[in-house]
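*Asks:* here you go, sequence then predicted model.
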Amino acid sequence: NAGVTQTPKFQVLKTGQSMTLQCAQDMNHEYMSWYRQDPGMGLRLIHYSVGAGITDQGEVPNGYNVSRSTTEDFPLRLLSAAPSQTSVYFCASSEGGPLHFGNGTRLTVT
Amino acid sequence: GEDVEQSLFLSVREGDSSVINCTYTDSSSTYLYWYKQEPGAGLQLLTYIFSNMDMKQDQRLTVLLNKKDKHLSLRIADTQTGDSAIYFCAESPFSSNTGKLIFGQGTTLQVKP
């Protein structure tokens, strides 16, 4: 069972570059979300989706875009990377109960 | 707004019990969760409790919920070195779960042999 798959595992960007973090789930979950994890701050919600075609902002959405064209995929786009976006990013899915997490993408912006 | 607070660090000896505490603010939370994160890995669901329960036990894990004080605890009996990890408390502060959880800062559990 693949569960929630995130790619890439690691990424280094220069300030101003753009990129897309990929997230896919094979559990047919309606709900998907993106969190970032920073030391001492727990996980903070960036964006979430309650179904294909529906997305909404979380606690820290600035500098990120999302779309949900299919149930399976929920990519996170960084429009113009900044050093403040250096973090570990987690994608999660659920069917209305506990969240299932991917293994994360460790992003460094120099 | 909603907030979840945890102490940042706990150190115990192997074989002792560990108790990790958490406080939350949203009294409408319907589910409260404990997740475990090992180094370099994602978050693994350990257990969760419904807000109408006081206690839940699952093998070495006991969750206690004091809804009046908005206090949640996770007790790990006979703590092993493999239990060393970061433990996150999280609440679902909405009437329906939609993938929106509020997480605490995480408690790093260090187990000494």
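*Replies:* Looks like it came in fine. Residues are numbered from 1 along each chain as shown, chains lettered A, B, ... in the order given.
*Asks:* what about A:Gly16, how many neighbours?
*Replies:* A:Gly16: 10 surrounding residues under other C-beta atoms under 10 Å in any protein chain shown. For glycine as for every other residue, the C-beta is placed from the backbone atoms N, C-alpha and C.
*Asks:* where along chain A do the helices fall?
*Replies:* Under the criterion DSSP state H, helices are not mapped anywhere in chain A.
*Asks:* for chain B, what are the nearby residues on it?
*Replies:* A:4, A:31-33, A:35, A:40-45, A:48-50, A:58, A:90, A:92-94, A:96-104 (C-beta under 8 Å from any C-beta of the partner chain).
*Asks:* please repeat the previous calculation with a cut-off of 6 Å.
*Replies:* A:31, A:33, A:40, A:42-43, A:48, A:50, A:94, A:96-98, A:101-104 (C-beta under 6 Å from any C-beta of the partner chain).
*Asks:* what subset of these is buried?
*Replies:* Among those, those scoring as buried are A:Tyr31, A:Ser33, A:Gly42, A:Leu43, A:Tyr48, A:Val50, A:Ser94, A:Pro98, A:Phe101, A:Gly102, A:Asn103, A:Gly104 (criterion: 16 or more other C-beta atoms under 10 Å in any protein chain shown).
*Asks:* the third one against B:Phe103, yeah?
*Replies:* Read that as A:Gly42. Yes: if you go by C-beta atoms under 6 Å, A:Gly42 and B:Phe103 touch, sitting 4.0 Å apart.
*Asks:* so where's the chain uncertain?
*Replies:* With no chain named, the answer covers chain A. Applying pLDDT under 70 to chain A flags the ranges A:1.
*Asks:* meant chain B, my bad for not saying
*Replies:* In chain B (pLDDT under 70), the answer is B:1-2, B:94-98.
*Asks:* can you give me the strands for it?
*Replies:* Ranges of strands in chain B, per DSSP state E, are B:4-6, B:9-13, B:18-24, B:31-37, B:43-50, B:55-58, B:61-66, B:71-76, B:85-92, B:102-103, B:107-112.
*Asks:* grab the nearest non-local neighbour of the residue positioned nearest the centre of chain A.
*Replies:* Centroid-nearest residue in chain A: A:Trp34, 3.4 Å away (criterion: C-alpha atoms, centre = their mean). Sequence neighbours aside, A:Ile46 is the residue nearest to A:Trp34 in space, at 4.4 Å (criterion: C-beta to C-beta, 6 or more residues apart in numbering or on different chains).
*Asks:* enumerate every residue touching the one you found.
*Replies:* A:Trp34, A:Arg36, A:Gly58, A:Val60, A:Pro61, A:Tyr64 (C-beta atoms under 6 Å, 6 or more residues apart in numbering or on different chains).
*Asks:* any idea how far apart the tips of stretch A:65-78 sit?
*Replies:* 7 Å (C-alpha to C-alpha, to the nearest Å).
*Asks:* buried ones in it?
*Replies:* Neighbour-count burial for stretch A:65-78 [16+ other C-beta under 10 Å]: A:Val66, A:Ser67, A:Arg68, A:Thr71, A:Glu72, A:Phe74, A:Pro75, A:Leu76, A:Leu78.
*Asks:* for the residues you listed, work out which two are farthest apart.
*Replies:* The distance between the two most remote of the buried residues of stretch A:65-78 (C-beta to C-beta) is 23.3 Å, for A:Thr71 and A:Leu78.
*Asks:* re earlier: check the contacts of A:Ile46 and tell me the two furthest apart.
*Replies:* A:Arg36 and A:Pro61 (10.7 Å).
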